[in-house]
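Colleague: got a structure for you, letters missing:
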């Protein structure tokens with residue numbers, strides 16, 4: 001991350017990990033605590049934003065990859081979807097929409113930071 005900020009270097013892996021794990025739960029107490037720690041460790045707002053966004057997007061990507069793995073394993077040899085599988089598919093679609101929505105919020109709010 002930022003080699004001129006030793007406090008951030010020390011907290012970096014913990015903060016990034018929590019932000020990745022809470023990517024789909026923006027209002028969780030753990031995420032709020034991680035963002036508070038990030039604010040205390042890194043005074044530069046742009047760097048904080050970059051750490052937050054990078055970790056969040058990485059967490060969303062992991063969730064998307066897990067969703068893909070699940071559906072590939074679950075339905076790989078299926079020729080036809082059974083009615084009871086519709087519920088699982090609907091949940092998967094809801095999760096996909098949540099991931100896409102979370103990613104789009106970052107792009108809409110701070111897309112100009114990444115041009």
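Modeller: It's in. Predicted model only: the values in this text are computed from it and were never measured. Residues are numbered from 1 along each chain as shown.

Colleague: Same question for the longest helix seen in the chain: list its buried residues.
Modeller: Ranked by residue count and defined by DSSP state H, the top helix of the chain is helix 45-75. Using 16 or more other C-beta atoms under 10 Å as the test for burial, helix 45-75 gives 47-57, 59-60, 63, 67. Where C-beta positions appear, they are placed from N, C-alpha and C, glycine not excepted.

Colleague: farthest-separated two in the residues you listed?
Modeller: For the buried residues of helix 45-75, the maximum inter-member distance is 30.5 Å, found between 47 and 67 (C-beta to C-beta).

Colleague: Stretch 33-44: how far from the chain's middle?
Modeller: Put simply, stretch 33-44 sits 18 Å off its chain's centre (C-alpha atoms, centre = their mean, to the nearest Å).

Colleague: Ok, stretch 82-90 next?
Modeller: On C-alpha atoms, centre = their mean, the centre of stretch 82-90 falls 26 Å from the chain's centre.

Colleague: Pull the residues that contact it.
Modeller: 74, 75, 78, 81 (C-beta atoms under 8 Å, 6 or more residues apart in numbering).
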